[in-house]
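Q: need the 3D shape of this:
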Amino acid sequence: MAVRVIWQDGGPYALCDTPEEAARLLQLGSGDQGKGASANATTSAELACREVPDEGETMTAILTRINGNARNFLRVLLGFPGGVSGRDFETAVGIGAVKWGGTIGGISKIAKKSGVPVKKLIISEFRAEGSRRYRWLKPGPLLLKHRQKLPGKEEALAG
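A: Numbers count the residues shown, from 1 in each chain. Modelled structure (predicted):
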């Protein structure tokens, strides 16, 4: 039986190649080794075996659904693979930190609908070094991996 376990914030779930394998997995988990799975288990098995989109397809969908401001934000962020302070990023992207919230929020909403945590696209941390406090931004691992999927040319951010 080929089972793929996916770990997400809400807990793990398993993907099976066939509904029969999923039903068998549910039987094993419920302790029902005998005559067969219940109707609820069969329904759960069918749900567990639904087709899951490829990571590349998911990233393509996310990166084409976001607006031009968000694409430019990500494109500029990709120029700093090791990360960048908020002040330096503000200069590079040409918008103030106040507007980032809306931009990151829009990206986050679309990513979440696609089942991708925004942390895999944008790493945004508050840092403090002594009395110095600042925002640190870095491209997430999925954004770095699929950077070539970011469509369009550099677009000016609307003010």
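Q: what's the helix or strand for the residue nearest the centre of the chain?
A: With distances taken as C-alpha atoms, centre = their mean, Val116 lies nearest the centre of the chain, 2.3 Å away. Here Val116, judged by DSSP states H and E, is contained in no helix and no strand.
Q: that one and Leu150, how far apart?
A: As defined by C-beta to C-beta, to the nearest Å, Val116 lies at a distance of 15 Å from Leu150. For the C-beta atoms, the positions are set from N, CA and C on the backbone; glycine is no exception.
Q: ditto for Glu57
A: When C-beta to C-beta is the yardstick, Glu57 and Leu150 sit 15 Å from each other.
Q: so which of the two has more stuff around it?
A: Set side by side, Glu57 and Leu150 give different neighbour counts by other C-beta atoms under 10 Å, the larger being at Leu150 (18 against 12).
Q: the more buried one reaches Phe73, doesn't it?
A: No. Here Leu150 does not reach Phe73: they are 10.6 Å apart, not a contact under C-beta atoms under 8 Å.
Q: heading C-terminal from the helix or strand of the chain with the lowest mean pLDDT, find the next helix or strand.
A: Counting by mean pLDDT, DSSP states H and E, the weakest-scoring helix or strand in the chain turns out to be helix 39-48, with a mean of 50. The element immediately downstream of helix 39-48 (helix or strand, assigned by DSSP H and E) is helix 55-65.
Q: residues in contact with that following helix: which ones?
A: Identification of contacts with helix 55-65 by C-beta atoms under 8 Å, 6 or more residues apart in numbering yields 53, 71, 74, 107, 110-111, 114-116, 121, 142, 145-146, 149-151.
Q: selecting buried members of these in ChimeraX, what would you type?
A: In ChimeraX, a selection of the buried entries from the contacts of helix 55-65 looks like this (16 or more other C-beta atoms under 10 Å):
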select :71,74,107,110,111,116,121,142,146,150
